[in-house]
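**Q** Here is my input; please provide its structure:
(2 chains)
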Amino acid sequence: MQKHTFTISLFVGIFALTVLAQFGVINQYLQSVIMLMGVNIILSTSLNLVNGYMGEFSCGHGGFMCVGAYVSSVITVLCFSKNQILGAPLLPPSLALLAFPIALFAGAAVAAVAGLVVAIPSFKTRGDYLAIITLAANYIVISAIDNMEIIGGPRGFMGMNATVNGMKGLLDIPWMLLWVLFGTVFSVWLLRRFVTSTLGKGVPAIAQDEIAAEIMSVDTNRMKLIAFMLSSGIAGLAGGLFAHILGYVNPHSFDIMKSTEVMVMVYLGGMGSLSGATLSAVLFTVLLEVLRPLEIWKWVVIPLLLILLMQFRPEGIMGNKELSDLFPKLKKFYSFK
Amino acid sequence: MNALQFGSFYALIALGYTLVYGVLRLINFAHGDIFMVGAYIAYFVAVLLLGGEGMSGLGLSPGLTLAITVPATMILTSLVGVALERTMYRPLRRKGADRLYVVITALMAGLMLENGNLALLGASRKSFPELLQKVIWTFGSVSVTNLKVIVIVAALLVFVLLEFIVTKTKIGMAMRGISYDKFAIPLMGIPLDTIIVFTFILGSSMAGLAGILFAMSYPILEPYMGALIGWKAFIAAVVGGIGDIRGAIVGGFLLGFIEIGVVAVFPSTLRDLFAFSVLLGILWLKPTGLFGVAKTTKI
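**A** Here you go, the predicted structure:
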């Protein structure tokens, strides 16, 4: 029983949220906050793999998210909606349910390939120089999409709503909420399985001492390749979900500001802690919504809070511990394999 | 000439990054925003002295205003830089925190400066008063304004000055010493904090100078102007080999030339794409930058 409590409560939670959303107990605004939370959790846990577990300083996560968002949006728009340039829909709307996850995964796959731009230089360099490479990669992605007129360029790209409506046409439940929740659970599960696996133990080994890791028979180049591609691929998944929540994407919503936001979430939660990254993503999203009345002062208050955090608890909320390390009694209620 | 001018701006800001990095091994991400603050300080000082824009100034002549604005801005901007160091970086350094946390703090300080400015002064753009009569000189087929020449000469002068300070003076020797071994230096009787503050003064006043010159060349100020230029200058510093003064100058001018060269051939929207791709290529081939020396890691 103990083995399954967590899984069961998770799925019950997802089911309960969907039911609540279906019968209008939680309104549209709350739903969108929850969805944003899910996307942020995916982003911060995936960046945590590189910045936290591997100890690199990647500050271009927004770029990979952008790749995923655009690729999956282009696929769904191509398939399900009428677009001036891409032409009439290729598939009937009833196939939307089937094609949507495929589009999401295609976006994630392309984003993972884009991660190669960062992964290959990381063989030779690390630290500050790698930070620049990620930064440059972010700028390159943004300005490449800015220059592609066929997908709207700087004006942005829209038409993803047709897919969501297609799914609604089959069965009228809050599909996007469901997809985001599943996406979140899937990403956190995948990352957790990876980090705790024998193969994944190489990632924190690189963080501690790359040369020693190599001597201890960790194939560091392969590890870096896997970590960067996994991280950027999951960011691409987050991007695809984000695009379909909003129904509109603009290259400039994925610029260095977005990457900074994700970094803030990672360091707020604590490096190398999945539950910390999840917690801080939730906290950060709530904070953004609570501080909304402050308008522009919001962006003065949040950095200030983070600076204070760095001064007084520089290791973040959780440090590099998981929730079950801090509260050992929780282990009574759930355990992971 | 445009390329040289832009290169000078990048080089001036990159110098600030490089100085602080060279001494502290800290990427001062707030530097681009210190540049922005410098431009705003220049604006307020100039308007205060010159009058106009709804402010009853002292009504000085433009020439005198310029003569006061430059040192005043450099001093005030360096105060901002030192304030950041005192309130944010020093406590962290005292605690011996990992340098990653200092980098995050710097990033946040930059955001705070940017948005604090936006919140205090509003989103409306400020237009910088004209302090210098525009003169156009023609050398053969090339014609330049006096401002461009001033910008380029200023960047080169600053480079020579810094190179002199770092390599020839006692304080420069101390700076290099700190970058070599932060723990041994206080044992030698060298005041660590004083040297670090001095570094911040130098770096920030360079950013202030770049701010004035930028405001005079492109007289429109907005709170986000520091961010993009700051990031680009940072990239320039890294391409040159961060921590190396020659590298910062070369990287800055290189970035300027690439950007202007791309605009001359392709549509201007492709500027960033090409500039960053070239820089990525350079880092790909030479991972420690043009002048950087690969550090050997001991086991």
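
**Q** how far does the helix or strand harbouring A:Ala131 sit from the chain's center?
**A** Taking DSSP states H and E as the criterion, A:Ala131 maps to helix A:128-146. A distance of 18 Å separates the centroid of the chain from that of helix A:128-146, by CA atoms, centre = their mean, to the nearest Å.

**Q** which helices and strands does whichever helix or strand comes after it pack with?
**A** Scanning forward in sequence from helix A:128-146 by DSSP H and E, the next helix or strand is strand A:157-158. Counting contacts by 3 or more CB pairs under 8 Å, 6 or more residues apart in numbering or on different chains; DSSP states H and E, strand A:157-158 packs against helix A:61-80, strand A:248-249. Where you see a C-beta, it was placed from the backbone N, CA and C, and this is true even at glycine.

**Q** just how off-centre is strand A:157-158 within its chain?
**A** Distance, centroid of strand A:157-158 to centroid of chain: 20 Å (CA atoms, centre = their mean).

**Q** Report how many residues lie close to residue 120.
**A** By default, I'm working from chain A. Neighbour count for A:Ile120, taken as other CB atoms under 10 Å in any protein chain shown: 15.

**Q** wrong one, chain B
**A** With other CB under 10 Å as criterion, B:Leu120 counts 12.

**Q** now swap in A:Asn165 and tell me
**A** Count around A:Asn165 with other CB under 10 Å applied: 15.

**Q** Same check on B:Met206?
**A** 34.

**Q** How about the contacts made by it?
**A** Residues counted as contacts of B:Met206 (CB atoms under 8 Å, 6 or more residues apart in numbering or on different chains) are B:12-13, B:15-16, B:19, B:158, B:162.

**Q** picking that back up, counting by contacts, list what the helix holding A:Ala131 packs against.
**A** helix A:61-80, helix A:116-119, helix A:256-269, helix B:225-240, helix B:271-285.

**Q** Now with 7 Å, please.
**A** Applying 3 or more CB pairs under 7 Å, 6 or more residues apart in numbering or on different chains; DSSP states H and E, we find helix A:128-146 packed against helix A:61-80, helix A:116-119, helix B:225-240, helix B:271-285.

**Q** per-residue confidence for B:Thr297?
**A** Predicted confidence (pLDDT) for B:Thr297: 52.

**Q** Next step: the contacts of B:Met206 restricted to strands.
**A** The strands, defined by DSSP state E, take in nothing from those.

**Q** quick one: which of those is nearest A:Gly156?
**A** Closest to A:Gly156 out of the contacts of B:Met206 is B:Ile13 (30.9 Å), distances taken as CB to CB.

**Q** measure that closest one to B:Leu19 for me?
**A** B:Ile13 sits 11 Å away from B:Leu19, going by CB to CB, to the nearest Å.

**Q** try B:Phe214
**A** 19 Å.

**Q** One more: A:Leu20?
**A** In terms of CB to CB, A:Leu20 sits 56 Å off from B:Leu19.

**Q** re earlier: could you identify which of the helices and strands packed on strand A:157-158 is most buried?
**A** helix A:61-80 (a mean of 28; mean count of other CB atoms under 10 Å in any protein chain shown).

**Q** Show me what from chain A comes close to chain B.
**A** Residues of chain A lying close to chain B (CB under 7 Å from any CB of the partner chain) are A:57, A:121, A:124-125, A:128-129, A:132-133, A:135-136, A:139-140, A:143-144, A:146-147, A:211-212, A:256, A:260, A:267, A:296-297, A:299-300, A:303-304, A:306-307, A:310-311, A:314.

**Q** of the residues you listed, buried ones?
**A** With burial judged by 16 or more other CB atoms under 10 Å in any protein chain shown, the buried subset of those is A:57, A:121, A:124-125, A:128-129, A:132-133, A:135-136, A:139-140, A:143-144, A:146-147, A:256, A:260, A:267, A:297, A:299-300, A:303-304, A:306-307, A:310-311, A:314.

**Q** Nearest spatial neighbour of B:Gly256, chain-adjacent residues omitted?
**A** Ranked by CB to CB, 6 or more residues apart in numbering or on different chains and with sequence neighbours excluded, the top spatial neighbour of B:Gly256 is B:Gly7, at 2.7 Å.

**Q** Okay then, goodbye and thanks.
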